[in-house]
Every structure is written in C-alpha cells, then in structure tokens.
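In: Have a look; sequence and predicted model below, questions after that.
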Amino acid sequence: MGLFERYLSVWVLLSILAGIFLGTQFTAVFAIIAGIEFAHVNIVVAILIWFMIYPMMIQVDFSALKNVGKKPKGLIMTLVINWLIKPFTMAALGWLFFEGLFADWVSPEDAQQYIAGMILLGVAPCTAMVFIWSQLTKGDANYTLVQVSVNDVIMIFAFAPIAGWLLGVSNIEVPWTTLLLSTLLYVVLPLVAGILTRLIIFARCAGQETQGNHLGEQKLAAFVGTLKPWSIIGLLATVILLFGFQAHTILQQPQTIFLIAIPLLIQTYGIFAIAYGWAYLWRLPHSIAAPACMISTSNFFELAVAVAISVFGLHSGAALATVVGVLVEVPVMLSLVALVNRTRPLFDKRAA
C-alpha cells in the first residue's frame, strides 16, 4: 500500500477542513461551480469523478470471468452479501438511526437525505480498494480479480433497480431518469472505456510478445501508474468541493458528521462479522476467505458520491453522507485487515 492509500483518511480529513475553510471564504466561487451542470449532472464534479473511476476500471479484467466456476463458495458468499444482504442492512440502519434514535437531532428532510446516501453506499460494492485489501491479507489475487469482475457485471444491471427500490421504500422521491443516467455515466461508460483501454494496450504489445502476456501487463500497469496522481486529485478535489458547498451547514451543525458515522461503522463491522463467520463455517481457505470478506465489507464510495451528487445535488445531505463514508471506510478496513491477518491460524487449522 502506497503513502496515499495508507493515509487516505488523513488526506480526506485535510481536504474536508480545506473545503470548509474555502467554502466560507469564497462562497461566490463555489456557487458558480455548482451552477455548471447539464441534466442535473455537475460537469466539474463529473470530470473529477471520472478521474477517480477510470483508472480503477482499467484494472478489471473480464477475461477472468472464464474462471467463475472455480472455487465457487467464496464467490457465492460475496454475491449473496453484496446484493441480498448489505443494501438492506444499510437501509435498515438508516431507518433505525435517522427515523428513530436520532429523530430528535435531525429534521425529517435531512434524515431522508442521510438515509439516501447510506443506501447508495450499501448498493455499491467495492471495485478498486479491494485489490489493496486482498494484497495486505495475502489473498488469492486471481480470485479477487474474478470477484471484482463478476460484481461489476452485476452492478451494471442491479445498482439502479435496488437503489431505486430502497429509496422508494424510504419515501424518498426517485428521479429514475437521473439515476439511470448516473449508472450509465459512472458504471457502464467507465467499464467500457476500461475494456477498450486494455484491448488497445494488449493489441499494441501483440507483436512483441517475447514474454507471453507479461509485456502487456507491464504496459498496463505503467499506464495506470501515470493516471494514479489524477485519480488522487479527483478524489481530494471532489471532497473539497462537497464540503465547500456545505461549509455553512456543517459549521452550524458539526455533530452531523458524527451522527452519520455511527451507523456506517456498525454496518461495516456487522457485515464483516457475517462474512468472516460464514467463511469460517464453510471452511474456506484463508487466501479465499480474506478477499471475499474484504469485497463484501467495503464500498465503491466513488460511485456512491457521484450518484448522490447527480440525483440529490451537490448541497444535499445524501452527498455529505457518502463522503463521510470515505472518511470512515479506510481506518475501519485497515483494522479489519489486521484482524484477518491475526486470525489466519484459525482458518489454516480448520482447513487442515
């Protein structure tokens, strides 16, 4: 894990503080940026989020789908948790806290927005960071690639329907055209762009294959490396903009971030407990259980942020909730990585 990934929460926190400061000092500038939109999609934020998502999608190899039938237990567990459990537990926690326990501290309108942001986080399984979690837990890299590829295919078809249904159940008005447009813009098109990029790079290396496929992989890794700074800029600039847009609201209600973080923490540790316990009972090898649990637990927060902005607006509580998800996820996931590594002997002993 590089310096940026290891201290992602620190960079995000600094960006939050910078956004709040700039938002209070340059209100007119942020108002101009907020007005640059088309079909409810803010152009500036859309460009920044593409900087984040595109490099991640290049790393997804759909040729790995041919291995989908190998070691099916880990994949089955991941798919069940990602698509049949996690979205619904996230929505349930949102209802429990913001329509119940926290009802006296937030307005009904704000509560709906925070629930919406949580739902979008819950419906977006991790695509990029899971490769890092898998590496840190010595997971099977090829198996991780299969899981990510399968989840991305499902996300194309399942993200909008599940998110729309849960938002509707929560009595949140769903602009379906905008939701579908967001799925196209932030899932389908980046995936297609990633596939085309891989094909072009490998095609250019086809006549030089003195090293099998290694030359293509090296060129691909080098290209992704050149894009990485832009991905970092995209993430941090998006955070600065989001908190700049909401600076005055946050300063008036600083407890909001803390309130949003509580159910997100419970969701993350709770889903991990389900996944890790299931993997143990199913006698999965630790190299399979580790990445399976990581992808089940973490979220594709870049997608959630993008869709929240498109559907509910830059100034919305939904957008704020998804950005709090960025702040919460990395330190929590690092703590889970440590737990997974410490408990490796339990899986090895059970598999023996």
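Out: Happy to help now that I have it. Residues are numbered from 1 along each chain as shown.

In: nearest residue to Leu259 other than its sequence neighbours?
Out: Phe102 (5.5 Å; Cβ to Cβ, 6 or more residues apart in numbering). The way it works is simple: take the backbone N, C-alpha and C, and place the C-beta from them, glycine included.

In: Please report the distance of the one you found from Thr343.
Out: As defined by Cβ to Cβ, to the nearest Å, Phe102 lies at a distance of 33 Å from Thr343.

In: who has more neighbours, the two?
Out: The neighbour comparison of Phe102 against Thr343 (other Cβ atoms under 10 Å) goes to Phe102, with 19 against 15.

In: packing partners for the helix or strand hosting Thr322?
Out: Per DSSP states H and E, Thr322 falls inside helix 317-342. Here helix 317-342 touches helix 8-25, helix 108-122, helix 129-136, helix 214-245, helix 255-281, helix 286-297, helix 301-312, going by 3 or more Cβ pairs under 8 Å, 6 or more residues apart in numbering; DSSP states H and E.

In: any idea of the angle the longest one forms with helix 301-312?
Out: When you say that, I think you mean helix 214-245. Interaxial angle, helix 214-245 versus helix 301-312 (axes from the mean of the first three to the mean of the last three Cα atoms, to 10 degrees): 40 degrees.

In: Mind checking the helices and strands packed on helix 317-342 for the one nearest to Val330?
Out: Nearest to Val330 among the helices and strands packed on helix 317-342 is helix 8-25 (4.4 Å), distances taken as Cβ to Cβ.

In: Tell me which helix or strand comes right after that closest one.
Out: Criterion used, DSSP H and E; the element after helix 8-25 is helix 27-34.

In: List the buried residues in that following helix.
Out: 30, 33-34 (16 or more other Cβ atoms under 10 Å).

In: for that helix, the distance to its chain's centre please.
Out: 27 Å (Cα atoms, centre = their mean, to the nearest Å).

In: try stretch 334-352
Out: Distance, centroid of stretch 334-352 to centroid of chain: 24 Å (Cα atoms, centre = their mean).

In: Show residues contacting that stretch.
Out: Applying Cβ atoms under 8 Å, 6 or more residues apart in numbering, the contact partners of stretch 334-352 are 133, 136-138, 268-269, 272, 276, 279-280, 283-286, 289-290, 293-294, 297.

In: buried subset of these?
Out: Of all the contacts of stretch 334-352 considered here, the ones buried according to neighbour count by 16+ other Cβ under 10 Å are 133, 136-137, 268, 272, 276, 279-280, 284-286, 289-290, 293-294, 297.

In: can you tell me which residues contact Val148?
Out: 60, 126-127, 130-131, 295.

In: Pop out the phi and psi values for it.
Out: Reported as degrees, to the nearest 10, the phi and psi values for Val148 are phi -60, psi -40.

In: what ranges of the stretch 101-250 of the chain fall below the confidence cut-off?
Out: Scanning the stretch 101-250 of the chain for pLDDT under 70 picks out the ranges 128, 206-213.

In: Including distance to Ser170, could the helices and strands packed on helix 317-342 go into JSON lines?
Out: Shown next, in JSON lines, are these (distance: least, Cβ to Cβ, whole Å):
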{"stretch": "helix 8-25", "distance to Ser170": "26"}
{"stretch": "helix 108-122", "distance to Ser170": "5"}
{"stretch": "helix 129-136", "distance to Ser170": "27"}
{"stretch": "helix 214-245", "distance to Ser170": "22"}
{"stretch": "helix 255-281", "distance to Ser170": "14"}
{"stretch": "helix 286-297", "distance to Ser170": "23"}
{"stretch": "helix 301-312", "distance to Ser170": "13"}
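
In: Could you give the number of residues near the residue nearest to Leu264 when sequence neighbours are not counted?
Out: Distance criterion Cβ to Cβ, 6+ apart; nearest residue to Leu264, sequence neighbours excluded, is Val328 at 4.9 Å. Using other Cβ under 10 Å, Val328 has 23 other residues around it.

In: how near is Val328 to Gly94?
Out: Distance from Val328 to Gly94, by Cβ to Cβ: 14 Å.

In: Equivalent analysis for Thr343, please.
Out: Distance from Thr343 to Gly94, by Cβ to Cβ: 30 Å.

In: do the same with Ser15
Out: Going from Ser15 to Gly94 by Cβ to Cβ gives 25 Å.

In: Ramachandran angles for Pro125?
Out: According to degrees, to the nearest 10, Pro125 has phi -70, psi 150.

In: which residues does it form a beta bridge with?
Out: Asn299 (DSSP bridges).

In: For it, give me its contacts.
Out: Shown in contact with Pro125 (Cβ under 8 Å, 6+ apart): 82-83, 86, 151, 155, 295-296, 298-300.

In: want to try CSV for the residues you listed, with distance to Ala338 and neighbour count as columns?
Out: As requested, these are exported to CSV (distance: Cβ to Cβ, whole Å; neighbours: other Cβ atoms under 10 Å):
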residue, distance to Ala338, neighbour count
Asn82, 23, 27
Trp83, 28, 18
Lys86, 22, 25
Asn151, 24, 24
Met155, 29, 23
Ile295, 18, 29
Ser296, 17, 28
Ser298, 15, 26
Asn299, 19, 29
Phe300, 23, 26
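
In: Perfect, that will be all.
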